[in-house]
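Chemist: sequence and predicted structure, then a few things I'm wondering about:
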Amino acid sequence: MSVSMRNLDPAFQGAGQKAGTEIWRIEKFNPVPVPKSSYGNFFMGDSYVILKTSASKSGALHHDIHYWLGKDTSQDEASTAAIKTIELDATLGGRAVQYREPQGQETERFLSYFKPCIIPQEGGVASGFKHAEAEEHKIRLFVCKGKHVVQVKEVPFVRSSLNHDDIFILNTKSKIFQFNGSNSTIQERAKALEVVQYIKDTYHDGKCEISAIEDGKLMADADTGEFWGLFGGFAPLPRKTANNDTESTDAVPSKLFWVEKGQMQPVEADSLTRKLLDTYKCYILDCGSEVFVWTGRNTSLDQRKIASEAAEELLDTTDRPKARIIRLIEGFETITFRSKFDSWHQSTNLAVTEEGRGKVAAILKRQGLNVKGLSKAESPKEELQLYIDCSGNLQVWRVNGKGKTLLPASDQSKFYSGDCYIFQYSYPGEEVEEHLVGTWWGMQSAEGDRVSATSLASKMVESLKFLPTQARIYEGKEPVQFFAIFQSFIVFKGGLSEGYKQYISEKELEDDTYREDGLALFRVQGSGPDNMQAIQVEPVASSLNSSYCYILHSGSSVFTWSGNLTTSEDHELVERQLDLIKPNIQSRLQKEGAESEQFWDLLGGKSEYPSQKIARDAESDPHLFSCNFSKGGLKVTEIHNFNQDDLMTEDIFILDCHSDIYVWVGQQVEPQNKLNVLDIGEKFLQSDFLMEKLSYQAPIYIVMEGSEPTFFTHFFSWDSSKSSMRGNSFQRKLAILKNGATALLNKPRRRVIPISSGRSAAPEKSQRSRSVSFSPDRVRVRGRSPAFNALAATFENPNARNLSTPPPMVKKLYPKSATPDSANLASARSASISSLSATFERPAPARETLIPRSFKVSPEVPKTKPETISRENSTSKPKPVTIQEGVKEVEVEEEGLTIYPYERLTISSPDPVTEIDVTKRETYLSLKEFKEKFGMAKTSGSISVKAPILRALNYSYLEVQLFIWEDQILAVDLEGFGLGDGGFLRGRGDDGTVRFLPGGLAPGAISLGGLAPGVLAPGSPWTFNLGI
């Protein structure tokens, strides 16, 4: 397209150089910038040009241009807005999509820029109207339509304007009423409340009453009576009648025309295909309610203006003033436009477009204008962010038929391509412990094993009351979070399951399952010691790649091969993986181009191989879709410029990031739809609604409302209190609107989920050049909760840097860990700490670890069971949930302790036992008597947590119920929680008595010393608030 400065309006100079919205109003046939303070205020007598600039993840700028036409604007102003839109597009390099937005028929994309709504005002400028002056408040009635964005229109203030299908807002001087038609949906009612909030803030300075009126409620309360009184009393509402708001265009077939000298010529063809569009011509595709103007890349600016005028004339002659016109440039067609064609071969050459954009920039620069942002954008280099804590606990099962086998920690990162696996990962979240349950399907796995893996994983999630996020992952499509969790990951060829063996037997295939003494070639990849993979590939020369390092072994012969494009970091990863695949065997290094004959002989001789790194699907800009799944069919609606408030608890949404998708499920979704969530995700991948060549094997995450992980919430500006509310969408927003706060909260609850086997159970393996760096002044034990770390900081070196909790968002890929020396915890702070030190947590000495370790309960050394925080969305008392395999509650007798009868252990005993630890009297009871007196087993920890732990960060408190032994709490390690110098322990008994204990106590048995004997009855349940 040829560009001349005389064709470009100077008002658009410098436009679109950064992300945001810019608006011009047409005044005397010229675009005049609108002040930002007036954005969203549109006058019915005016025409506007709106530019929306968005920055993609790659750093490139994307432009959408809209021209809004008020219902009272003049034809000349409307035509000027249409022409100026084309000029603005030319200024931006000629690649923006342009939309005609008639008042009352705006696109959802346009309305999303001005959430929650726009309410056009009377008046105009160039049309000869005067803007409406401020006047005494008058009652106004608005009708609201829309489930995702709201179309607001003022209607006459009469009873006949109301109907049963829509939402109405009545704005009076002192109160705003929302009338909910009986046939309206909960989602529509909730969205309309956002308009109520807007009216309250805009016209009442945030000070007025709000009332919701239900259709059919009659005179049940004062607000309902007041509402109907404003209409002169209640009367039955009329049926909704057809009006001019919606034009019937269903009967209009799609027709293609090409524009020549202002005349539309029909294109004769049996079907619409991409080949019909010529890059040197302009075309009009008439679809009834939408008219598309397609302009070839090599058309002139005058050709584009003529085509636009032809489209406007088409609407005038066919009496379709409210139809939308969408103008498109070759190579930047919308999904809707492409879907009109039977076949569409996308042949966009972005480099050509960037070249044209550069030419426009050069023209403007010669004129002495600022062209920043018009030149080709550079991709920003972002630091890799995982948004998941890598210090949690991991369990892995291999699926075999309809059952699963728990893998020892030493094997939990070694997968076979012919098998399916289930993994459960529990880790510290921002507020509570979070859980991820997923399936991994090998490329060669049997279909029966895949079905079984999905079923078993779903049952695990259901047993945990749908708290965990669920993932479906294919081999070769693993997300970065998956590799970070497993840290060192190995994939062997073949399989061990019966399903795989049966499959190769039926197909008469050779069993190539990996053997330690056989011939095998591994490609090593990754970004560091805690994110490295070894993938077994075919042992042939064509499997090599100059960008990777490889391990080749056959019997006792081991080779490492380094491509010419590899780095020293890649070489280190090979050494680390060699320690896992072939430990204690010396390898022979082979550099590309200097290989030995034996090396090539093992690979069957030399052959050509690639040098480019294997491309992985990159995460693209996210798109949010609302889903409707019925009768096996999936319909979606894209939510533009989305935010957290767009997630309605009654619906299912899909967040499409191209490399993976997230299926978000609201708490009040119908039960039958919850069962189809994975099917919905798979249907979405198959349908590829954005025509972005989605892979069917892309990871699918199923996210339940109230249990959203950080790697999902970081796509939003997230407020966790909103997802923790009870009630439907309308009830939640009404509570916020009326109370100004998030009422009806479901507070996070904590659950005990013992993990008996996982990383903590892994025996240490010999490793090469494995190093773990840590500070002796500040150490962090992997597997502990954020609350523990927050409390432990009190007892560490006072000169050390204060790092109270691990960040919920892990920015570095290699979190290091080490175990603190027990002597650091034993430093005497006070006599009370010394006297209680017997029950301190005694971690093992620091040592190098390949996989994060956590402490395992041992019968020989009683310790408290690790607690994990979960979310609970019901008001019922939580019950401990656990993965049953390998988990059992063990009754413990401390070795070397003498057992005494209960009567001799009480303070008031006539014959008290001497030479015992008086702070641990209960430990001298027998198992049987302990259970008789306290109604619970004498387990390692001996703690009865009757109420959930609410929070343990900053200066919040832990609410727990504990059994009391005489004047002290029974064996309350509380997972290491102690009372810091600023903490407190406040208790209230059944009789209302309150006890307070100041801070300064270390983790361990917390004594209620100083209380008179007999004040606390043995076994009496007390509730204590433990302040941090």
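Modeler: Noted; the coordinates are in hand.
Chemist: how many neighbours does residue 21 have?
Modeler: Other residues near residue 21 number 13, with proximity taken as other C-beta atoms under 10 Å. The way it works is simple: take the backbone N, C-alpha and C, and place the C-beta from them, glycine included.
Chemist: residue 254: neighbouring residues, count only.
Modeler: Counted with other C-beta under 10 Å, residue 254 comes out at 13.
Chemist: tell me the contacts of it?
Modeler: 272, 285, 286, 287, 288, 340 (C-beta atoms under 8 Å, 6 or more residues apart in numbering).
Chemist: again with residue 708
Modeler: Residue 708 touches 469, 664, 718, 720, 723, counting by C-beta under 8 Å, 6+ apart.
Chemist: just the ones in helices from the residues you listed, please.
Modeler: If you go by DSSP state H, the contacts of residue 708 have 720, 723 in helices.
Chemist: closest one of the contacts of residue 708 to residue 104?
Modeler: Ranked by distance to residue 104 (C-beta to C-beta), these are led by residue 664 at 31.6 Å.
Chemist: just list whatever residues bridge to the closest residue in space to that closest one that isn't next to it in sequence.
Modeler: Nearest non-adjacent residue to residue 664, counting by C-beta to C-beta, 6 or more residues apart in numbering: residue 653, 4.5 Å away. Under DSSP bridges, the beta-bridge partners of residue 653 are residue 626, residue 664.
Chemist: enumerate every residue touching residue 523.
Modeler: Neighbouring residues of residue 523 by C-beta under 8 Å, 6+ apart: 534, 535, 537, 543, 545, 548, 549, 550.
Chemist: redo that, cut-off 6 Å
Modeler: Going by C-beta atoms under 6 Å, 6 or more residues apart in numbering, residue 523 touches 535, 537, 548, 550.
Chemist: quick one: which of those sit in strands?
Modeler: If you go by DSSP state E, the contacts of residue 523 have 535, 537, 550 in strands.
Chemist: output the residues you listed in JSON lines, with neighbour count, pLDDT and distance to residue 94 appended to each entry.
Modeler: Listed next are the ones in strands among the contacts of residue 523 as JSON lines, based on neighbours: other C-beta atoms under 10 Å; pLDDT from 0 to 100; distance: C-beta to C-beta, whole Å:
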{"residue": "535", "neighbour count": "21", "pLDDT": "97", "distance to residue 94": "45"}
{"residue": "537", "neighbour count": "17", "pLDDT": "97", "distance to residue 94": "46"}
{"residue": "550", "neighbour count": "24", "pLDDT": "97", "distance to residue 94": "48"}
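Chemist: circling back: so among the contacts of residue 254, which ones count as buried?
Modeler: 272, 285, 286, 287, 288 (16 or more other C-beta atoms under 10 Å).
Chemist: which one is the fourth one nearest to, not counting chain neighbours?
Modeler: The spatial neighbour of residue 287 that comes closest, neighbours along the chain excluded (C-beta to C-beta, 6+ apart), is residue 254 at 4.9 Å.
Chemist: how about the third one?
Modeler: Of all residues beyond its chain neighbours, the one nearest residue 286 is residue 255 (4.8 Å), with distances taken as C-beta to C-beta, 6+ apart.
Chemist: ditto for the first one
Modeler: Using C-beta to C-beta, 6+ apart and skipping the chain neighbours, the partner closest in space to residue 272 is residue 341 (4.5 Å).
Chemist: that neighbour touches residue 275, doesn't it?
Modeler: No - the criterion here is C-beta atoms under 6 Å, and residue 341 misses it with residue 275 at 9.7 Å.
Chemist: which one's more surrounded, the two?
Modeler: A count of neighbours by other C-beta under 10 Å puts residue 341 above the other of residue 341 and residue 275, at 19 against 11.
Chemist: do you know how far the more buried one is from residue 237?
Modeler: Per C-beta to C-beta, to the nearest Å, residue 341 is found 45 Å from residue 237.
Chemist: same question, residue 287
Modeler: 35 Å.
Chemist: would you list every one of the strands in the stretch 151-300 of the chain?
Modeler: All strands of the stretch 151-300 of the chain, identified by DSSP state E, counting those that start in this stretch, fall at 151-155, 167-171, 175-180, 209-214, 255-260, 263-266, 282-286, 290-295.
Chemist: any chance of the ones you listed in a markdown table with distance to residue 573 and mean pLDDT as columns?
Modeler: A markdown table is the format used below for these (distance: least, C-beta to C-beta, whole Å; pLDDT from 0 to 100):
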| stretch | distance to residue 573 | mean pLDDT |
| --- | --- | --- |
| strand 151-155 | 56 | 94 |
| strand 167-171 | 59 | 96 |
| strand 175-180 | 61 | 95 |
| strand 209-214 | 61 | 92 |
| strand 255-260 | 56 | 92 |
| strand 263-266 | 63 | 91 |
| strand 282-286 | 54 | 94 |
| strand 290-295 | 50 | 93 |
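Chemist: I'd like the ones you listed as CSV, with distance to residue 94 appended.
Modeler: Formatted as CSV, the strands of the stretch 151-300 of the chain follow (distance: least, C-beta to C-beta, whole Å):
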stretch, distance to residue 94
strand 151-155, 31
strand 167-171, 42
strand 175-180, 45
strand 209-214, 48
strand 255-260, 17
strand 263-266, 23
strand 282-286, 13
strand 290-295, 9
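Chemist: which one is residue 612 nearest to, not counting chain neighbours?
Modeler: residue 547 (6.5 Å).
Chemist: which residues does the one you found contact?
Modeler: 563, 565, 613.
Chemist: ok, back up a step: of the contacts of residue 708, which is the most crowded?
Modeler: Sorting these by how many neighbours each has (other C-beta under 10 Å) puts residue 723 first, at 24 neighbours.
Chemist: the residue nearest to residue 664 contacts residue 666, doesn't it?
Modeler: No - using C-beta under 6 Å, residue 653 is not in contact with residue 666; the gap is 8.0 Å.
Chemist: contacts for stretch 161-178, please.
Modeler: Outside stretch 161-178, the residues that touch it by C-beta under 6 Å, 6+ apart are 137, 139-144, 155, 179-184, 188, 192, 196, 199, 208-213, 215, 227, 237, 240.
Chemist: and the buried ones among those residues, selectable in PyMOL?
Modeler: In PyMOL, this line selects whichever of the contacts of stretch 161-178 come out buried by 16+ other C-beta under 10 Å:
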select buried, resi 140+141+142+143+144+179+180+181+184+188+192+196+199+208+210+211+212+213+215+227+237
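Chemist: how much space between residue 41 and residue 68?
Modeler: 12 Å.
Chemist: who has more neighbours, those two?
Modeler: Per other C-beta under 10 Å, whichever of residue 41 and residue 68 has more neighbours is residue 68, with 24 against 16.
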